[in-house]
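> This is the structure alone, sequence omitted:
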DNA sequence: CGTGGCCGGATTGGATCCAATATCCGGTGC
DNA sequence: GCACCGGATATTGGATCCAATCCGGCCACG
């Protein structure tokens, strides 16, 4: 098939992927009427698909997002695509240039560093607030994910997904939903780069040790320590990721 | 004119209003070619108009945003409106419900409180980072705004605009543009409520005193003190605003 | 030989039209 | 009298069509 190879077959499976700003589609499953109606508008679905494709790394930073291609790929008209692109733009996942098109956001090492600094601040705060209120069931689920991540046979995508879920579990206990949404948004911005940094596989053992320590602090409901560990964990990850990105692209070039 | 009174003539003048996430239109004015082409796509313009109308309080929290009305009002088709609404949604300024329409975001007192807590964290950090690098010219402009705000004849809208500009001046010196964008976004979320809280006029003298102290700390490049003052200033404002909002609406009702 | 203008294809932005869904209203049965 | 159930209307979501803009290559000209 002589189609453009840019995005072909890049958008299909995977989990829906958490969306911080999706207040619109989040609500109740709406069961009335007997049949569970689609409930999702096409635009919502397209946005979720594209977002997931970007976050998982199937659409790598810098990739062009051509409306026509995406429309064909997803079997819809260009209209839901256009709105989806705008949503992804305001989530920081896509860059839009008028009359020129959209590309997956490609951050410079400096920008990645700033995002991680912001994340460190936000997540440390959320961790400190959450620690006293973490529920046992939550700890149990975190332990389960931690165990799964220990499996060396787990592929990178699976590990990253569990890693994301692991950290995401703590914050809601803070009782600050908007802070959680902010954190999720900032995390999403860095996810494509984490997915692309294949060499980070080597960091899995180190990260695992840190996860165990985080789990321990959470189990003791030690807010300050959990916050400190969270900050340290993020800074370590940031260092490794930035080294990788800077190595791949010595002179950072903006999209 | 028997039109719907909801938004009629609510969208017209005012400053363009800063947009945190508008990476698309923000850049260089594009001078090549001789004439300065419109550069703005219709969607950009509509978004700016609507955003400004919401931030200034002309469209109050809870107001319906009907696509057809807005389209007529602005003399465009519904399409740029639809995209604009989606952008405003992800900025937290509008709530979208599928097949039901959009309304200006109406926060509960609890949500306002959370936003102010987040702001306190972000702005304190930015202030601490910025203080050592504030330029004299910036201080001069801040002093000018402070003087203007002293004028008792200034109306609320003018005072709020200068107040916003005053605080916005410091943060860029932090050198963290993405943090500044986050701050701007969170500030925008609370602006409609500040604009609606007419009783806050009584707080102007107190706020002015705090502004002078902020200015003083900035002039001495005292980061920690500037951060502490910023946090205190925000908490005071939050208390007054929440008291007002809670008073107007004892049982908070979500849109 | 290099440079500038111009034209054609490709792609996005905007408008119009049609379909789907929610709300509101009255009617009907219990 | 009240709850439930349809139909009419209004409003939004999606598709298609046209216009505006950008990018590439080609050609004329200095």
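Perfect, thanks for sending it. In this text the structure is predicted, and so the values were computed from the model without any measurement.
> going forward, measure contacts and count neighbours with C-alpha atoms only.
Fine.
> wait, isn't residue A:55 in contact with residue A:187?
No: using C-alpha atoms under 8 Å, residue A:55 makes no contact with residue A:187, being 9.8 Å away.
> more neighbours, those two?
More neighbours surround residue A:55 than the other of residue A:55 and residue A:187, with 26 against 20 (other C-alpha atoms under 10 Å in any protein chain shown).
> which residues sit in contact with the more buried one?
Under the criterion of C-alpha atoms under 8 Å, 6 or more residues apart in numbering or on different chains, the contact list for residue A:55 reads A:17, A:188, A:191-192, A:195.
> Return the members of those classed as buried.
Neighbour-count burial (16 or more other C-alpha atoms under 10 Å in any protein chain shown) applied to these gives A:188, A:191-192, A:195.
> which residues sit against the host helix or strand of residue A:163?
Under the criterion of DSSP states H and E, residue A:163 resides in helix A:156-170. Residues from elsewhere that reach helix A:156-170 (C-alpha under 8 Å, 6+ apart): A:56, A:127, A:130-131, A:134, A:138, A:142, A:145-146, A:148-149, A:184, A:195, A:198, A:201.
> Most neighbours among these, which one is it?
residue A:127 (30 neighbours).
> Spatially, what comes nearest to that residue if we skip its sequence neighbours?
Distance criterion C-alpha to C-alpha, 6 or more residues apart in numbering or on different chains; nearest residue to residue A:127, sequence neighbours excluded, is residue A:227 at 5.2 Å.
> Whatever residue of the stretch 101-250 of chain A ends up closest to DNA strand D: what's it in contact with?
Nearest to DNA strand D, among the residues of the stretch 101-250 of chain A, is residue A:101, at 8.8 Å (C-alpha to the nearest atom of the strand). Taking C-alpha under 8 Å, 6+ apart as the contact definition, residue A:101 lies against A:64-66.
> quick one on the thing from earlier: what is the nearest of the contacts of helix A:156-170 to DNA strand C?
So of the contacts of helix A:156-170, ranked by how close each gets to DNA strand C (C-alpha to the nearest atom of the strand), first place is residue A:56, at 21.6 Å.
> That closest one contacts residue A:195, doesn't it?
Yes: between residue A:56 and residue A:195 there is a contact under C-alpha under 8 Å: 6.3 Å.
> roughly how far apart are the residue in chain A that DNA strand D sits nearest to and chain B?
Residue nearest to DNA strand D within chain A: residue A:42 (2.9 Å; C-alpha to the nearest atom of the strand). Separation of residue A:42 from chain B (C-alpha to the nearest C-alpha, to the nearest Å): 10 Å.
> hang on, that residue packs against residue A:80?
Yes: Residue A:42 lies in contact with residue A:80 (C-alpha under 8 Å); the separation is 6.4 Å.
> circling back: tell me the bridge partners for the residue of the stretch 101-250 of chain A closest to DNA strand D.
residue A:97 (DSSP bridges).
> What pLDDT does the model give it?
Looking at residue A:101, its pLDDT reads 94.
> go on, residue A:255?
40.
> immediately after the strand or helix carrying residue A:54, which helix or strand?
Using DSSP H and E, residue A:54 sits in helix A:42-56. Reading on from helix A:42-56 to the C-terminus, the next helix or strand found by DSSP H and E is strand A:64-65.
> okay, the angle between the next helix-or-strand element following that next one and helix A:42-56?
Sequence order places helix A:67-74 as the next helix or strand after strand A:64-65, per DSSP H and E. Between helix A:67-74 and helix A:42-56, the angle formed by their directions is 100 degrees, by axes from the mean of the first three to the mean of the last three C-alpha atoms, to 10 degrees.
> Please name every helix or strand in contact with helix A:67-74.
Helix A:67-74 sits against helix A:78-90, with contacts defined as 3 or more C-alpha pairs under 8 Å, 6 or more residues apart in numbering or on different chains; DSSP states H and E.
> pLDDT score for residue A:128?
98.
> Could you report the distance from it to residue A:177?
15 Å (C-alpha to C-alpha, to the nearest Å).
> Settle it for me: which of the two has more neighbours?
Higher neighbour count among residue A:128 and residue A:177: residue A:128, with 22 against 16, using other C-alpha under 10 Å.
> What backbone torsions are found at the residue lying closest to the more buried one once chain neighbours are set aside?
Once flanking residues are discounted, residue A:128 sits nearest to residue A:223: 4.1 Å by C-alpha to C-alpha, 6+ apart. Residue A:223 adopts backbone torsions of phi -60, psi -60, taken as degrees, to the nearest 10.
> For the stretch 101-250 of chain A, just list every one of the strands.
A:101-104 (DSSP state E, counting those that start in this stretch).
> residue ranges with poor pLDDT in it?
For the stretch 101-250 of chain A, residues meeting the criterion pLDDT under 70 lie at A:249-250.
> Pick out the residue in it sitting closest to DNA strand C.
Closest point on the stretch 101-250 of chain A to DNA strand C, by C-alpha to the nearest atom of the strand, is residue A:101, at 3.6 Å.
> Any chance of the contacts of residue A:55 in JSON lines with distance to residue A:60 as columns?
Listed next are the contacts of residue A:55 as JSON lines, based on distance: C-alpha to C-alpha, whole Å:
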{"residue": "A:17", "distance to residue A:60": "16"}
{"residue": "A:188", "distance to residue A:60": "13"}
{"residue": "A:191", "distance to residue A:60": "10"}
{"residue": "A:192", "distance to residue A:60": "7"}
{"residue": "A:195", "distance to residue A:60": "9"}
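> Inside helices: which ones of those residues?
A:188, A:191-192, A:195 (DSSP state H).
> circling back to that earlier point, you'd agree the residue nearest to residue A:128 is up against residue A:129?
Yes: at 6.7 Å, residue A:223 counts as touching residue A:129 under the criterion of C-alpha under 8 Å.
> Looking at the two, which has the bigger crowd around it?
More crowded of residue A:223 and residue A:129, by other C-alpha under 10 Å: residue A:129, with 24 against 21.
> wait, what's in contact with the more buried one?
A:173-175, A:223.
> List just the nearest of the contacts of helix A:156-170 to residue A:106.
Using C-alpha to C-alpha, residue A:195 comes nearest to residue A:106 of the contacts of helix A:156-170, at 12.9 Å.
> Near chain B, which residues of the stretch 51-200 of chain A are found?
Residues of the stretch 51-200 of chain A lying near chain B by C-alpha under 8 Å from any C-alpha of the partner chain: A:83, A:86-87, A:90-91, A:95-98, A:111, A:114-115, A:118, A:176, A:178-179.
> Show me the one in these that has more neighbours than the rest.
Counting by other C-alpha under 10 Å, top hit in those: residue A:87 with 26 neighbours.
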